[in-house]
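J.: Sequence and predicted model, in that order:
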Amino acid sequence: MLEIKNLHASVGDDKPILKGLDLSVPAGEVHAIMGPNGSGKSTLSYVLTGRDGYEVTDGTIIYDGEDVAELAPEERAARGLFLSFQYPVEIPGVPTLTFMKESLNAQRRARGEDEMSAPDFMKHVREKAKLLNISGDMLKRPVNVGFSGGEKKRLEILQAAVLEPRFLILDETDSGLDIDALKVVSDGVNALRSPERGMLVITHYQRLLDHIAPDKVHVMSAGRIVASGGPELAKELEAEGYDKYVRAA
């Protein structure tokens, strides 16, 4: 589903961050990326989704058989790529329901599908919101305004559930979550698992992977994947840290 080969990318004044990264995530699998600060994990998520200011200088990003490296962010989103931010932004004045309805219908239009009617959309949202303990009052508020860290992350997963993307990138979704919020968010992520959907989970901590059991774990350092393994690799990192992988990189 996602094939990244020899990916090099820069940010700002041609500062290289990704330096020959290779990664393959098949449909139906959840892969986790762990690594020290500054290794390029968030940069990878931004490059995959087309954030402005991040330039691919070499390599390919093949998603569903298509090289998407030159596509605009909205074109990638319409093809089913979704990014859950580490620090979701507040959007004052924009009601949450309006934001999600417009996002969903914009993607449907881009794919040549009929827009979802208001009654059908409300039914769709309410069904998904129940899974994440999101109240009707939260949905009526402006996007993320006055939300706690846990509420913002739950709303991010609700957006994914509503949009039903084919590939999810979760950039440190566990950041700022207490134990209860982590369980709720993890349950929402697990509910999105599907044989047709792939996921890339970026995290520092084993605790998230205890709830979201990945099929594969990758270690990232110095802009490259330097080791890969099963879930036991995450436990090793938790116990021993990244030092040997940083030295190898």
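T.: That came through, no problem.
J.: And the pLDDT for the residue nearest in space to the middle of the chain?
T.: Centroid-nearest residue in the chain, with CA atoms, centre = their mean: residue 169, separated by 2.1 Å. The model reports residue 169 with a pLDDT of 95.
J.: and if you look at residue 249?
T.: Note on residue 249: pLDDT of 67.
J.: buried ones in the helix or strand of the chain with the lowest mean pLDDT?
T.: Lowest by mean pLDDT, DSSP states H and E among the helices and strands of the chain is helix 243-248, with a mean of 82. Counting neighbours by 16 or more other CB atoms under 10 Å, one finds that the buried residues in helix 243-248 are 245-246. Where you see a C-beta, it was placed from the backbone N, CA and C, and this is true even at glycine.
J.: And for stretch 152-166?
T.: Result for stretch 152-166 [16+ other CB under 10 Å]: buried residues 152-163, 165-166.
J.: I'd like those residues as JSON lines, with pLDDT, secondary structure and distance to residue 196 appended.
T.: Listed next are the buried residues of stretch 152-166 as JSON lines, based on pLDDT from 0 to 100; DSSP: H, G, I helix; E, B strand; the rest coil; distance: CB to CB, whole Å:
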{"residue": "152", "pLDDT": "88", "secondary structure": "helix", "distance to residue 196": "27"}
{"residue": "153", "pLDDT": "86", "secondary structure": "helix", "distance to residue 196": "24"}
{"residue": "154", "pLDDT": "86", "secondary structure": "helix", "distance to residue 196": "24"}
{"residue": "155", "pLDDT": "89", "secondary structure": "helix", "distance to residue 196": "24"}
{"residue": "156", "pLDDT": "90", "secondary structure": "helix", "distance to residue 196": "21"}
{"residue": "157", "pLDDT": "89", "secondary structure": "helix", "distance to residue 196": "18"}
{"residue": "158", "pLDDT": "91", "secondary structure": "helix", "distance to residue 196": "20"}
{"residue": "159", "pLDDT": "92", "secondary structure": "helix", "distance to residue 196": "19"}
{"residue": "160", "pLDDT": "92", "secondary structure": "helix", "distance to residue 196": "14"}
{"residue": "161", "pLDDT": "92", "secondary structure": "helix", "distance to residue 196": "15"}
{"residue": "162", "pLDDT": "94", "secondary structure": "helix", "distance to residue 196": "17"}
{"residue": "163", "pLDDT": "94", "secondary structure": "helix", "distance to residue 196": "14"}
{"residue": "165", "pLDDT": "94", "secondary structure": "coil", "distance to residue 196": "11"}
{"residue": "166", "pLDDT": "95", "secondary structure": "coil", "distance to residue 196": "7"}
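J.: Good, we can wrap up now.
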